[in-house]
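**Student:** sequence plus predicted model, see below.
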Amino acid sequence: MLSISNDESVDIADRILAAAASCVRDFGVERVTLAEIARRAGVSRPTVYRRWADTRTIVAALLTDRITGAWRAVPAREAGRTGLVERIVTVARRLRDDELIASVLRSAPDVAMVYITGRLGTSQQILIDQVADELRAAQADGNVRAGDVRQMSAMVLLIAQSAIQSAPIVEPILDADALSAELSHALNGYLAP
């Protein structure tokens, strides 16, 4: 029997996620099928099923990859509160402008609402942990107020998440640049010592 190396397995997973992203953009979350994902990825349906149980779990993995990927793609330019806030604002802007995220918010608000009001998703938990680590370091340097860093990180998530999901309804008042500026003010004010 031919074995698949780890590199090939990762490549297949990436192809499946890329195919899923194109399906979500083209059809919306509710009309995505495993058959279409497999066809676009150039793999069989059993290959997809070996990695994910259904389209919902693929979409969840896709969103986790997209959100945490945005965080990884934007390194802090400087240490402390200023660098952290700049990073969060840049990531929020990237996610607001991301076609996949916009498609999920538009085509499957029920899916989005699970992660907005129902429970913390994997990507949210990862971001809370990452921000908490940076807050801890910034507290040690004295440029972030005292407090429980996980609680503060969760609040930062809520503030940024709200700016991402609600951006379209306030666009006539806050264009993209103004929204980023106001988010920066909000986060700086919240975190300042």
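**Tutor:** Cool, got the structure.

**Student:** in this structure, what helix or strand scores lowest on average pLDDT?
**Tutor:** helix 109-113 (a mean of 77; mean pLDDT, DSSP states H and E).

**Student:** just how off-centre is that helix within its chain?
**Tutor:** 14 Å (C-alpha atoms, centre = their mean, to the nearest Å).

**Student:** who's in contact with that helix?
**Tutor:** 29, 56, 59, 104-105, 165 (C-beta atoms under 8 Å, 6 or more residues apart in numbering). In this view, the C-beta of every residue, glycine as well, is placed from N, C-alpha and C.

**Student:** past that helix, which element shows up next along the chain?
**Tutor:** helix 122-141 (DSSP states H and E).

**Student:** returning to what we had before: quick one: buried residues of the least confident helix or strand of the chain?
**Tutor:** 111-112 (16 or more other C-beta atoms under 10 Å).

**Student:** related to what we said a few turns ago, now the buried members of the contacts of helix 109-113.
**Tutor:** Buried among the contacts of helix 109-113 (16+ other C-beta under 10 Å): 29, 59, 104-105, 165.

**Student:** how far away is the one residue sitting closest to the centre of the chain from Arg93?
**Tutor:** Against the mean C-alpha coordinate of the chain, by C-alpha atoms, centre = their mean, the closest residue is Ile67 at 2.1 Å. Here the criterion is C-beta to C-beta, to the nearest Å. By it, Ile67 lies 13 Å from Arg93.
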